[in-house]
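Undergrad: whatever this is, show me its structure:
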Amino acid sequence: MKITEVKQRAFAMPLTSPSYPRGPYRFVNREFFVVTYRTDPAALRAMVPEPLLPAGDLVKFEFIRMPDSTGFGDYTESGQVIPVTWKGKPGTYQIAMYLDDESPIAGGREIWGFPKKLARPHLRVEADTLLGTLDYGPVRIATGSMGYKHRALDAKQVLAGLRQPNYLLKIIPDVDCSPRICELVEYGLDDLVVKGAWEGPAALELHAHALAPVAALPVLEVISGTHIITDLTLGLGRVVHDYLKR
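TA: Numbering: from 1, shown residues only. Below you'll find the predicted structure:
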């Protein structure tokens, strides 16, 4: 294979059989279950990298079903998201995400810098309850529950929240394990369609784990539970801050 051909074909690994296709990526009937809770402000500040700033003491714990996603297939993920501000404007910062599918783990980490790890999240309806669980290996580290579709939410307000910018810390090491790329990346959700949105009584339980420290941001008070079904396109990102640039 000639050098020019390598340059033309290279966008993901392995070179001859990439783990995912080129983006952007469309998601149909993407289902969110989000528990918003209050946590320890000092622990929260320690998780957020400058120049982002925490927008308070809230955390969003998400369980997400993606039954139909371009190139990534059918999978589920779970993780913690912190409301932040960037230059005074509201957004969110992803701390960690746990998935059950190799392709979006590879694509998410390599393209945007999503902090994805392999685990076993689940989201399902059990009788009158929307139930989200997250297992890391054999250990249950998160359980979220919500009354199923108790009250409808205003779709316009939900849409406005989904349109906020999102931030990631993308880190790619050099061959000597020093950081070759260390960037703050912004991405957004495009072509959004809110098919339904509800709220209800919610609860969240987190457990300690050495390699999946979701309980490092403890649940002090549950604020809300929301359930949203959408179609959307995951937009490609842009670098807003380069930590290695002099």
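Undergrad: buried ones in stretch 90-100?
TA: Burial within stretch 90-100, assessed by neighbour count using 16 or more other C-beta atoms under 10 Å, is assigned to 91-100. Every C-beta, even on glycine, is put in place using the N, C-alpha and C of the backbone.
Undergrad: just the ones in strands from the residues you listed, please.
TA: 91-99 (DSSP state E).
Undergrad: closest to residue 112 among those residues?
TA: Of all those, residue 112 sits closest to residue 94, with 9.2 Å by C-beta to C-beta.
Undergrad: excluding chain neighbours, what is closest to residue 91?
TA: Counting by C-beta to C-beta, 6 or more residues apart in numbering, the nearest residue to residue 91 once its immediate chain neighbours are dropped is residue 165, at 4.3 Å.
Undergrad: OK, contacts around that neighbour?
TA: Residue 165 is in contact with 86, 89, 91-92, 186-188, counting by C-beta atoms under 8 Å, 6 or more residues apart in numbering.
Undergrad: show the buried residues in those.
TA: Burial by neighbour count, 16+ other C-beta under 10 Å: within the contacts of residue 165 this picks out 86, 91-92, 186-188.
Undergrad: one step back: quick check, nearest of the buried residues of stretch 90-100 to residue 69?
TA: Taking the buried residues of stretch 90-100 together and measuring to residue 69 by C-beta to C-beta, the closest member is residue 99, at 11.4 Å.
Undergrad: that closest one bridge partners, please.
TA: According to DSSP bridges, the partner residues bridging residue 99 are residue 77, residue 118.
Undergrad: for it, give me its contacts.
TA: Residues 75-77, 105, 108, 116-119, 121 are the ones in contact with residue 99 under the rule C-beta under 8 Å, 6+ apart.
Undergrad: for it, give me the pLDDT.
TA: As summarised for this prediction, residue 99 has a pLDDT of 98.
Undergrad: just the one 5 residues further on next, same as before
TA: Looking at residue 104, its pLDDT is 96.
Undergrad: which residues touch the closest residue to it other than its chain neighbours?
TA: If you skip the residues right next to it in sequence, residue 104 has residue 72 as its closest partner in space, 4.3 Å away by C-beta to C-beta, 6+ apart. Contacts were defined as C-beta under 8 Å, 6+ apart; by that measure residue 72 touches 20, 25, 66, 101, 103-104, 107.
Undergrad: hmm, try it at 10 Å
TA: Going by C-beta atoms under 10 Å, 6 or more residues apart in numbering, residue 72 touches 19-21, 25, 27, 66, 99, 101-108, 234.
Undergrad: how about residue 119?
TA: For residue 119, the contacting residues are 76-79, 96-100, 105, 134-137, 139, 141-142, 209, 211-212, by C-beta under 10 Å, 6+ apart.
Undergrad: of these, select the buried ones using a ChimeraX command.
TA: Those of those that meet the burial criterion (16+ other C-beta under 10 Å) are gathered into one ChimeraX selection, given here:
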select :76,77,78,79,96,97,98,99,100,105,134,135,136,141,142,209,212
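Undergrad: please identify which helix or strand holds residue 184.
TA: Under the criterion DSSP states H and E, the helix or strand holding residue 184 is strand 179-187.
Undergrad: hmm, I typed the wrong one, I wanted residue 106.
TA: Element membership of residue 106, judged by DSSP H and E, is helix 102-107.
Undergrad: CA atoms of that helix as CSV?
TA: As requested, C-alpha coordinates have been extracted for helix 102-107 and formatted as CSV (Å, rounded to 0.1, in the frame of the first residue of the first chain):
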residue,chain,number,x,y,z
GLU,A,102,-17.3,-1.9,20.8
SER,A,103,-18.0,0.2,17.7
PRO,A,104,-19.4,3.3,19.5
ILE,A,105,-16.8,2.9,22.2
ALA,A,106,-14.0,3.1,19.6
GLY,A,107,-15.7,5.8,17.5
